[in-house]
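> just coords:
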Ligand SMILES: Nc1ncnc2c1ncn2[C@@H]1O[C@H](COP(=O)(O)OP(=O)(O)OP(=O)(O)O)[C@@H](O)[C@H]1O
């Protein structure tokens, strides 16, 4: 279980996170929704040790992550797919996956399991990442994170800018991962996607999680969407 308690921090003098309380249970998809600028990406980056922390704690199964240097966080099994699919463009698909595998000392068995989820990548192992289509690049970004065999997988708007069939595919794969016990944190703005995959939704307003709702309690016309997301 990933647990965040009273987390505050930001960029220099700009305090973005204002006492965030948040949990991501294993085997569940926890969506984070909120208006532009609410602090969703900052929260993801804070988990990854990339944001100056003023107060609060981040723990994974009781182990403190909040004092780790950023490069150590993935080694503790936290996979992160940031917005904008940052890959090593000149490197091949295989080399990008290798970077994920090496981070936690994983090998061929892990790589095979990941490629089974994304057969399209198996056909393109020698291709430079930057020459993949947008959807394929996103598959690679997710696949690389999965090469860590993560306990927690953080996906920041993974289907942004993709065509509907690719959105459906990525969504399907995210759902398939639940059975592996991974705790997925999904920043997602599309209500339709959230209603399809979420186990719970945490709504963020001005640097705080103001309400967390189990998915069964949400419908397309849920008041929270209008109030907190403006859709
Ligand atoms: N590197 C940075 N330096 C200073 N301020 C930043 C930086 N990155 C983000 N911010 C500010 O932090 C606030 C929260 O930004 P963040 O990207 O976390 O919001 P968000 O909820 O993910 O928004 P969006 O839905 O638009 O992606 C914004 O006011 C933003 O301007």
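The structure has been received and is ready for your questions. Here the structure is a predicted model, which is why all the values come from computation and not from measurement. Numbers count the residues shown, from 1 in each chain.
> When you work out contacts or count neighbours from here on, use the C-alpha atoms and nothing else.
Will do.
> Quick check: residues of this structure near the ligand?
Remark: the part of the chain in contact with the ligand comprises 11, 16, 35-42, using C-alpha under 6 Å from any ligand atom.
> From those, which land in helices?
40-42 (DSSP state H).
> so can I have TSV of those showing neighbour count?
TSV is the format used below for these (neighbours: other C-alpha atoms under 10 Å):
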residue	neighbour count
40	27
41	17
42	19
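> Take these and write them to JSON lines, including pLDDT.
Shown next, in JSON lines, are those (pLDDT from 0 to 100):
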{"residue": "40", "pLDDT": "98"}
{"residue": "41", "pLDDT": "97"}
{"residue": "42", "pLDDT": "98"}
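> so which of those comes closest to residue 213?
residue 40 (16.7 Å; C-alpha to C-alpha).
> How about the contacts made by the closest one?
32-34, 187, 204, 207 (C-alpha atoms under 8 Å, 6 or more residues apart in numbering).
> Now the two most distant members of those residues.
187 and 207 (14.2 Å).
> show me the residues around residue 117 that make contact.
Residue 117 touches residue 173, counting by C-alpha under 8 Å, 6+ apart.
> now swap in residue 108 and tell me
So residue 108 contacts nothing (C-alpha under 8 Å, 6+ apart).
> Then the one 3 residues further on?
Neighbour list for residue 111: 97, 101, 147 [criterion: C-alpha under 8 Å, 6+ apart].
> Now tell me what touches the helix or strand hosting residue 94 from outside.
Assigned by DSSP states H and E, residue 94 belongs to helix 93-103. For helix 93-103, contacts defined as C-alpha under 8 Å, 6+ apart pick out 74-75, 87-88, 107, 110-111, 121, 124-129, 140, 143-148.
> so which of the contacts of residue 40 comes closest to the ligand?
Among the contacts of residue 40, residue 34 lies closest to the ligand (C-alpha to the nearest ligand atom), at 6.2 Å.
> Return the set of residues that bridge with the closest one.
residue 204 (DSSP bridges).
> pLDDT wise, what is it at?
The model reports residue 34 with a pLDDT of 96.
> Repeat that for the one 5 residues further on.
Among the per-residue scores, residue 39 shows a pLDDT of 97.
> roughly how far apart are it and residue 130?
29 Å (C-alpha to C-alpha, to the nearest Å).
> Please apply the same query to residue 82.
Taking C-alpha to C-alpha, one finds residue 82 at 16 Å from residue 130.
> Residues in contact with the helix or strand of the chain with the lowest mean pLDDT: which ones?
Within the chain, no helix or strand scores below helix 223-224, which has a mean of 87 by mean pLDDT, DSSP states H and E. Applying C-alpha under 8 Å, 6+ apart, the external contacts of helix 223-224 come out as residue 203.
> Many thanks, I have nothing further to ask.
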